[in-house]
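Engineer: okay, sequence plus prediction incoming.
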Amino acid sequence: MKDKYYITTAIAYTSGKPHIGNSYEIVLADCIARFKRKQGYEVFFQTGTDEHGQKIELKAEEAGVTPKQFVDEVAGEIKSICDCLNVSYDKFIRTTDADHEKQVQKMFKKFYDQGDIYKGSYEGMYCTPCESFWTQAQLVDGKCPDCGREVKPAKEEAYFFKMSKYADKLIDYINTHPDFIQPVSRKNEMMNNFLLPGLQDLCVSRTSFKWGIPVDFDDKHVVYVWLDALSNYITGIGYDVDGNSSDLYKKMWPADLHLIGKDIVRFHTIYWPIFLMALGEPLPKQVFGHPWLLSGDGKMSKSKGNVIYADDLAAFFGVDAVRYFMIHEMPYENDGSISWDLMTERVNSDLANVLGNLVNRTISMSNKYFDGIVEDKGVAEAVDEDLKNVAKGTYAKVCSKMDELKAADSITEIFTLFKRCNKYIDETEPWVLAKDDAKKDRLATVLYNLTESIVIGASLLWPFLPATAEKIVESLGTSIRDYSDLDKFGLYTKTKVTDKPEILFARMDINDVYAEAARIAEIQKAQAGVTEAEDDENAIELKLKDEITYDDFAKMQFAVGEIVKCEEVPKSKKLLCSQVKIGNTTRQIVSGIKQYYKAEEMVGKKVMVLVNLKPATLAGVVSEGMLLCAEDQDGNLALMSPEKNMPSGAEIC
RNA sequence: GGCGAGAUGGCUCAACUGGCUAGAGCAUCCGGUUCAUACCCGGAAGGUUGAGGGUUCAAGUCCCCCUCUCGCUACCA
C-alpha cells in the first residue's frame, strides 16, 4: 500500500492581491506535491484563504459591501493566481466554509470545558502599552514584567488559552524531533525567545469586531485569528471534534509538511502544536519556514511601481519560466532576490539555451536524417556510457535533494542532465555521421540515446514545469515516464517525433524586458495615484480606539519643543536621547527613532511634545515626555512640527 | 541589550566530523563546431577564503579578539 503525504501551505489573508513573494510558497508546495505523487505517494495538497478579522470587516465597509461579498471577491482572485500558476491543490479551503466554522466553535468549547481556555476576568493586569495580559504569577513586583510599568484593568474581556500548561511537553517534542522545525536556526529562535523564558497565554477571542467565528456560548466574542486560521489544516480534511472525523482525516493526519513563511514560524511551531495537544491529536511531522523572494531594487511598493506580481510575469515570460525562476532562485535559508534582469538571465541562459535549444536541435536532426523516426539500431560506443549513467543517476540525486526540501538543488540536477546531453551531441557529432551512409545506424542510436535522455529529464522536470515537460514528451511522441522506471535507460520505443519542433522558450531581449517593466511600473504608479485620492488596498486603515471624553483629552498637555542637543543612547538600536527646550525649561526625552533620524539632524528641529507624561526609564536613561510622530504602515516615522514657526513652549491645544 | 546566523574570485553560492594545486553556475576573454532559438562544446583568466593573533605536521574549517551584515526578540513615552 502506498504511503500518504499531506502537505499544506499557509492560507492567504484575503485583504488584497498577493505579490510574487507570497506566490513562491504555493509554487514550491506544488512542486513537492507533484513530485511526491509521481513517486507514488497518495498526496493531499491543501491551500486556501484566511478570511476573518477586523481588517476585512473595515475594508468591506469602505467598499460598501458585506464582509462575505468582499472575501468572496478576493478569495476568487487568490484562487485564480494559483490556477494561473498551474498549482495542483486538492483542496482550497476558506475559513468562511461552514464546516470549518462549525469545528472551530466546537474546539473552542472543548478547550473551555477542559479548562484550557479561560475568560480574562482579572483586573489590573493589562499593560496597555505592551498590549499584553499577564497572570499574577508573571508580574514582577506587581508590575508588567516586560516594561516594569503599572498594569491596569483589562479593557476588553477576552478568552485566553493556557499555553503554559503544555509548554514542557512541547519543549520535549521539539527536542526529540530534530526535523520538526526547519531550517534549524528557527528552532533556536523559538526555544530561546519563547519557550525557555516561559510561554505566555494567548488571547483567543475578541469583542471589538464581529467578522469572525462567533463563540457559540458567549456571543459577544468572536474567535481570534490563530485558533481559527491554524485549524484549517485539520478541518479541511474532515476533522471532527466529537470523534466523527472523516476517513480522509484518519488517513492524512498528521500532516507531513506545513510549508509556511518564516514570519509565522512561531504560530506553527508553538501555538498550533499546543492546540493539537489540547485536542489530543498528533503533531505535524515538519514545519518549514521558507525565506522570502524579495525585489532586487528595494522594498516593493506600488508608488515606486516595482511591485512584481506572478500573473504579470507569467503573462510576459510564461508560467513555467516564472515557476522555474522562483524555484531556482530561492535558496534554502536566506532570502532570494528577484528582478527583471535576473529573470531574463535565467530564461535565456537555462530555459532557452540549454533546454529549449536541446529539444529543438534533437528533434530537428531526427527529422532531417530519419524523417522523424527515432529508433535504437544497437550500435553502441563507449562514449554513450557516461550519458546513460548520468541519465539513470539523476533521479536518485533529485530524490535526495527533494527529501531535504531543496527544490533549487533538485532542478539544478535536472539541468545537469540536459547539459550532459548537449555535450553528448558535441562528442558524437551527428552531422558528421550523417555524411557517411555506413554510419547511419550509429547515427540512429545516437539520436535515440539523446531522445531517451530527454524523456527522462523531462519526466523529472514535470513537477517543476508541468506544461513544458508535457510539451516535450508530446513532441517526442511519448508521455511522462513512471518514476519507478527513471533509473532505467532504453524504454523509449520506436516513435515518430513531431515535424515542427515548437520554440519552448523564446530568448528575451533585455530592452523589451525593460520596456515591459516600465509599462507595468507606469500602470502601478497610476493606480497608486488613485489610491491616495480614494480608498484602496494601500490606504491605511485607522484602528479606532475607545471614545474618550474631553476631560480625558484635557489631561494631556502638548507643547512645542526645540531640540537643542541629541545623541544616540548607547546599547540601544533604536533610541535617541534629546535635550528639548520647552519654554524656559529643558528636559530630556528618549525616542525610538534612530532608524529614521540621525542625532545631528535632530538638533534645531521644533517638534510636538507630550509634556506631562510620567517620566520613565528606557535603556537606563530617564525620559521626561514624548516626541510625537506620524507612523505609516511600514513603520516609517515623521516628527510633528508646527506648520508656522512658533516659539518653544507654545502650548498645543 | 539578549539569543542566533553569516562575511569565500565581478555576481550567486559549494567545500561532511580540520587533510591532496579552495570548487560550480552566470558574466568576461580565447579556441572549436554548425544539427539547433547567434546556439552548443572546450579552454583561460580571476580568491593572501572580512582584519589580526593563536593551536596544529596541516585551518575557509578549531580557539581569542576586532569590524561589518543579517534573523528572531526586547526596547521604541
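Structural biologist: Cool, got the structure.

Engineer: so how far is RNA strand B from A:Lys500?
Structural biologist: As defined by CB to the nearest atom of the strand, to the nearest Å, A:Lys500 lies at a distance of 10 Å from RNA strand B. Every C-beta, even on glycine, is put in place using the N, C-alpha and C of the backbone.

Engineer: helix or strand for A:Gln588, which one?
Structural biologist: According to DSSP states H and E, A:Gln588 maps onto strand A:585-591.

Engineer: please name the nearest non-neighbouring residue to A:Asp376.
Structural biologist: Excluding its sequence neighbours, the residue lying closest to A:Asp376 (CB to CB, 6 or more residues apart in numbering) is A:Tyr448, at 4.1 Å.

Engineer: in the strand holding A:Gln588, what's buried?
Structural biologist: A:587, A:589-591 (16 or more other CB atoms under 10 Å).

Engineer: so A:Gly561: helix, strand or coil?
Structural biologist: Using DSSP: H, G, I helix; E, B strand; the rest coil, the structure places A:Gly561 in strand.

Engineer: is it true that it touches A:Ile582?
Structural biologist: Yes: here A:Gly561 reaches A:Ile582: they are 4.6 Å apart, a contact under CB atoms under 8 Å.

Engineer: and for these two, which residues touch both?
Structural biologist: Residues touching both A:Gly561 and A:Ile582 by CB atoms under 8 Å, 6 or more residues apart in numbering: A:609, A:611, A:648-649.

Engineer: which of the buried residues of strand A:585-591 are close to RNA strand B?
Structural biologist: Contacts with RNA strand B within the buried residues of strand A:585-591, as defined by CB under 7 Å from any atom of the strand: A:589-591.

Engineer: who has more neighbours out of A:Gly561 and A:Ile582?
Structural biologist: Taking other CB atoms under 10 Å, A:Gly561 and A:Ile582 do not tie; A:Gly561 has more neighbours (29 against 20).

Engineer: in contact with the closest residue to RNA strand B within the stretch 351-500 of chain A, which residues?
Structural biologist: The stretch 351-500 of chain A approaches RNA strand B most closely through A:Gly356 (1.7 Å), counting by CB to the nearest atom of the strand. Contacts for A:Gly356 (CB under 8 Å, 6+ apart) come out as A:503-505.

Engineer: which ChimeraX command selects the buried ones in those residues?
Structural biologist: Buried subset of the contacts of A:Gly356, written as a ChimeraX selection, criterion 16+ other CB under 10 Å:
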select /A:504,505
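
Engineer: nearest to A:Lys392, of the contacts of A:Gly356?
Structural biologist: Among the contacts of A:Gly356, A:Leu504 lies closest to A:Lys392 (CB to CB), at 24.2 Å.

Engineer: does that closest one touch A:Ile472 like I think?
Structural biologist: Yes: look at A:Leu504 against A:Ile472 with CB under 8 Å: they come within range, at 7.2 Å.

Engineer: how much space separates the residue of the stretch 501-650 of chain A found nearest RNA strand B from A:Thr586?
Structural biologist: Relative to RNA strand B, the nearest point of the stretch 501-650 of chain A is A:Gly592 (1.6 Å; CB to the nearest atom of the strand). Distance of A:Gly592 to A:Thr586, given as CB to CB, to the nearest Å: 21 Å.

Engineer: repeat that for A:His100.
Structural biologist: Distance of A:His100 to A:Thr586, given as CB to CB: 59 Å.

Engineer: quick check: which ranges of the stretch 201-350 of chain A have low pLDDT?
Structural biologist: Across the stretch 201-350 of chain A, the ranges flagged by pLDDT under 70 are A:294-306, A:330-334.

Engineer: all helices for the stretch 151-300 of chain A, in order.
Structural biologist: Assigned helices in the stretch 151-300 of chain A, in chain order: A:164-176, A:184-190, A:225-230, A:232-235, A:247-252, A:265-266, A:272-279 (criterion: DSSP state H, counting those that start in this stretch).

Engineer: do the same with the stretch 1-150 of chain A
Structural biologist: With DSSP H, counting those that start in this stretch, the ranges of helices along the stretch 1-150 of chain A come out as A:20-38, A:54-63, A:67-84, A:98-113.
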